[in-house]
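1. this is a predicted model, with the sequence first.
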Amino acid sequence: MNAPTPLTPSRRGSPLESTLDSPLTFLRQLYDVAVLRALPLHNTAVHLPTPPDPAKGRTLVLGAGKAGGAMAQAVEALWPQDAPLSGLVVTRYGHTPPRPAGLPERIEVVEAAHPVPDAAGLQAAERILELTKGLTADDLVLCLISGGGSSLLTLPADGMDLQVKQDINRQLLASGANISEMNCLRKHLSRIKGGRLAAACSPARVVTLTISDVPGDDPSIIASGPTVPDASSCADALAILRRYAITVPDSVLQALQSGVWETPKPDSPVFAGHSVHMIATPQQSLEAAADAARAIGLNAYILSDEIEGESREVGKVHAALARAAAKGLGPFTKPCVILSGGETTVTIKPQAAGVPKGRGGRAGEFCMGLAQALQGQSGVWALAADTDGIDGIEDNAGAQVSPDTLARALALGHKVDEHLQRNDAYGFFEPLGDLVITGPTHTNVNDFRAILIR
């Protein structure tokens, strides 16, 4: 938890100050500050390695993730123009940023599906593995990895087909499993994740630049760690299948039980000389937002960048803290902003026949849980959104909450309890005009949550 910064005249005059009379605008600007801090072009230069001697080796760029297109453009802009550069990166549909005028395209960017993989992602993964053939010890492989790569870089293990992989992904997304558990299983069902891409690049030197979207910033979890060692085991993957009752073919069970799909471990020589650089993290973005709030005299507190759990329940905990602060109780002194990040989960509930299927993601579900627990508390506003600009599979990044949210919804005939029951955050906030819609941001440092108490 960060200590509050006192209100002083020297801190007045920030561009954010004029938005305080419009709390939701202010919160949206804090979100924009957090996203800006995580954009690849602002963070890449210091981590780029020296190009190999062009007379001996080449530089190959490979990558996957929602920030993949922006990361590729950052490398193209920063890499010496006289140094050879080529490669292939896969990103989510619609997440390739516009190309700046005059920037030559040296890295191919293709698009595929997320969160459920498709044939385009399979083809991209096959092409990436093909590009690793013939690499030598004089070559450099620059890997650009960001969240979403687990689905975008899909290459089923031997004996599996894409349809089975898609079905397992759908079950995982509805199960309530956390990102570490999901990616443990994904690693062991893949021919490219869990360090296998690094093994394919051997004997070339591999430098991985990564943007974290996972609690704890563990590079072996981000995009299921295609270029880093994996300490988990096939037995761990089996335990996750059983814990969440994920249905798989007998052949998958047998392969995991036999250990034939085991991943490269930390002591494997294929990782010798490799390095990993974290170029953007959730904590950095939260700190940027906190600094912006403090610059206009607000107290700013960062709870954590590693918060996990059921989205609605996390929302209720945040509501309890906000209500206490609004009443002048607890550890937070108003006026203040309470910030948090991490990756919560939504467990999809079975629906009765005739009940419409809900829409929405974890940020919207958090906001429903928050609004339900706040019960119209005066002086409290909130915004929760995914920093990639997409909450789940919808077109919104998240949602926002005001003291009158429940009253306005009820006037339209919408009860938050009923929408929570069917995981329908989109259907709850859309009629209120309270969806946060940003479009793809071209980065991804996970959930951003901000609560303003005045």
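-> Here it is on my side, so go on.
2. need the helices for the stretch 301-450 of the chain, in chain order.
-> Ranges of helices within the stretch 301-450 of the chain are 311-326, 362-374, 405-411, 416-421, 425-429, based on DSSP state H, counting those that start in this stretch.
3. want to try CSV for these, with distance to Tyr93, mean pLDDT and mean neighbour count as columns?
-> Heads up, the C-betas are built off the backbone N, CA and C, glycines and all. As requested, the helices of the stretch 301-450 of the chain are exported to CSV (distance: least, C-beta to C-beta, whole Å; pLDDT from 0 to 100; neighbours: other C-beta atoms under 10 Å):
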stretch, distance to Tyr93, mean pLDDT, mean neighbour count
helix 311-326, 24, 98, 21
helix 362-374, 20, 98, 28
helix 405-411, 32, 98, 15
helix 416-421, 28, 96, 17
helix 425-429, 19, 97, 26
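4. any idea which of those gets closest to Ala272?
-> Smallest distance to Ala272 across the helices of the stretch 301-450 of the chain (C-beta to C-beta): 38.5 Å, for helix 362-374.
5. per-domain residue ranges of the protein.
-> Following automatic domain parsing, one gets these domains for the chain: 13-38+282-453, 40-280.
6. give me the distance between the residue nearest to Ser224 when sequence neighbours are not counted and Pro226.
-> Once its chain neighbours are removed from consideration, Ser224 has its nearest residue in Lys193; the separation is 3.8 Å (C-beta to C-beta, 6 or more residues apart in numbering). If you measure Lys193 against Pro226 using C-beta to C-beta, to the nearest Å, the figure is 5 Å.
7. overlap in contacts, those two.
-> Between them, Lys193 and Pro226 share the neighbouring residues Leu153, with contact defined by C-beta atoms under 8 Å, 6 or more residues apart in numbering.
8. the two - which one has more neighbours?
-> Shown here are Lys193 and Pro226; by other C-beta atoms under 10 Å, Pro226 has more neighbours (33 against 28).
9. for that one, give me its contacts.
-> With the criterion set at C-beta under 8 Å, 6+ apart, Pro226 makes contact with Ala64, Cys143, Ile145, Gly149, Leu153, Ile192, Lys193, Gly194, Gly195, Arg196, Leu197, Ala198.
10. checking my notes, it in a helix, right?
-> No - under DSSP: H, G, I helix; E, B strand; the rest coil, Pro226 falls outside any helix and is assigned coil.
11. could you give the backbone dihedrals for it?
-> Summarising the backbone geometry of Pro226 under the convention degrees, to the nearest 10, its torsions are phi -70, psi -20.
12. that one and Ala137, how far apart?
-> Applying C-beta to C-beta, the value for Pro226 to Ala137 is 20 Å.
13. quick one on the thing from earlier: just name the closest of the contacts of Pro226 to Asp230, please.
-> Closest approach to Asp230 among these (C-beta to C-beta): Gly194, at 4.2 Å.
14. how about that closest one: what's its closest non-neighbour residue?
-> Lys187 (3.1 Å).
15. send the alpha carbons of the helix or strand hosting the one you found over as PDB?
-> Taking DSSP states H and E as the definition, Lys187 sits inside helix 179-188. Extracted in PDB, the C-alpha atoms of helix 179-188 (Å, rounded to 0.1, in the frame of the first residue of the first chain):
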ATOM      1  CA  ILE A 179      -4.400 -18.000 -15.400                       C
ATOM      2  CA  SER A 180      -1.500 -20.000 -13.900                       C
ATOM      3  CA  GLU A 181      -3.600 -23.200 -13.900                       C
ATOM      4  CA  MET A 182      -4.900 -22.600 -17.400                       C
ATOM      5  CA  ASN A 183      -1.500 -22.000 -18.800                       C
ATOM      6  CA  CYS A 184       0.000 -25.000 -17.000                       C
ATOM      7  CA  LEU A 185      -2.400 -27.200 -18.900                       C
ATOM      8  CA  ARG A 186      -1.900 -25.300 -22.200                       C
ATOM      9  CA  LYS A 187       1.800 -25.800 -22.000                       C
ATOM     10  CA  HIS A 188       1.500 -29.500 -21.800                       C
END
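16. give the rounded mean pLDDT of it.
-> Averaging pLDDT along helix 179-188 gives 96.
17. outside of that helix, which residues touch it?
-> 150, 157, 168-169, 172-173, 193-194, 214-215, 218, 221, 223-225, 230, 232, 234, 236-237, 240-241, 243-244, 246, 256, 261-263, 343.
18. ok, Val380 - contacts?
-> Contact analysis of Val380 by C-beta under 8 Å, 6+ apart lists Ala322, Arg323, Ala326, Leu374, Val401, Pro403, Ile451, Leu452, Ile453.
19. check Val214 too.
-> By C-beta under 8 Å, 6+ apart, Val214 lies in contact with Gly147, Ile179, Ser180, Ile221, Ile222, Glu343, Asn446.
20. hmm, 6 Å instead?
-> If you count contacts by C-beta atoms under 6 Å, 6 or more residues apart in numbering, Val214 has them with Ile179, Ile221, Ile222.
21. Asn169 too?
-> Taking C-beta under 6 Å, 6+ apart as the criterion, Asn169 is in contact with Val116.
22. surely Leu339 touches Ala450?
-> Yes - applying C-beta atoms under 6 Å as the test, Leu339 and Ala450 come out as touching, 5.4 Å apart.
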